[in-house]
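>>> Based on what follows, work out the 3D shape:
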Amino acid sequence: VQLVESGGGLVQAGDSLRLSCAAATGIFKDYAMGWFRQAPGKEREFVAAISWNAISTDYVDSVKGRFTISRDNAKNAVYLQMNSLKPEDTAVYYCAVRPTNWAALSRSMDDYGLWGQGTQVTVSS
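This is a model prediction of the structure:
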């Protein structure tokens, strides 16, 4: 089973991008999902998470009000809408599955068990 991210690219500050993460099967309809990012020379960090039923979401402070996480379980997909992008948002973005049925949201990488290959987002000033 694989997760495949898409939607990254090179944009200017203030622009928007929508990242998608898709799985070939409905493996995560009962699982919380998360987005993480890793900038050059930095550790991977939490960005956003969404509960299995999409009722709850969580965001790192630096993206609150600019990014929105959503999911469509019928399409086996999770999304990250990124608005008002800043140069400091430049990173490889990864989606991940928290493979525990109906689990609470988590910001810890250790709680996520399946990762995509990442998609590059570059924001120029």
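>>> Point to the residue nearest the middle of this protein.
Centrality entry for the chain: nearest residue to the mean C-alpha point is residue 35, 2.3 Å, by Cα atoms, centre = their mean.
>>> What separation do you get for that one and residue 125?
23 Å (Cβ to Cβ, to the nearest Å). Backbone N, C-alpha and C define where each C-beta goes, glycine included.
>>> Can you get me the start-to-end distance on stretch 9-21?
Chord length of stretch 9-21, first to last residue, is 15 Å (Cα to Cα, to the nearest Å).
>>> Now do it: everything it contacts.
For stretch 9-21, contacts defined as Cβ atoms under 8 Å, 6 or more residues apart in numbering pick out 3-8, 33, 35, 77-87, 93, 95, 116, 119-125.
>>> got any ranges where this structure has weak pLDDT?
Counting by pLDDT under 70, the low-confidence segments of the chain come to 1.
>>> Could you say which helix or strand holds the residue nearest to the centre of the chain?
Element membership for residue 35 (DSSP states H and E) is strand 32-38.
>>> So in that sheet, which strands flank that strand, and in what orientation?
The pairing partners recorded for strand 32-38 under DSSP bridges are strand 45-50 (antiparallel), strand 91-98 (antiparallel).
>>> strand partners of the helix or strand just after the first one, parallel vs antiparallel please.
Per DSSP H and E, strand 45-50 leads on to strand 57-59 as the next helix or strand towards the C-terminus. Here strand 57-59 has these sheet partners by DSSP bridges: strand 45-50 (antiparallel).
>>> Verify the stated contact: the residue nearest to the centre of the chain with residue 80.
Yes: counting by Cβ atoms under 8 Å, residue 35 does reach residue 80; the two are 4.9 Å apart.
>>> Can you work out which residues contact both of those two?
Common contact partners of residue 35 and residue 80 (Cβ under 8 Å, 6+ apart): 19, 21, 47-48, 69, 93, 95.
>>> who's residue 69 bridged to?
Applying DSSP bridges to residue 69 yields these beta-bridge partners: residue 80.
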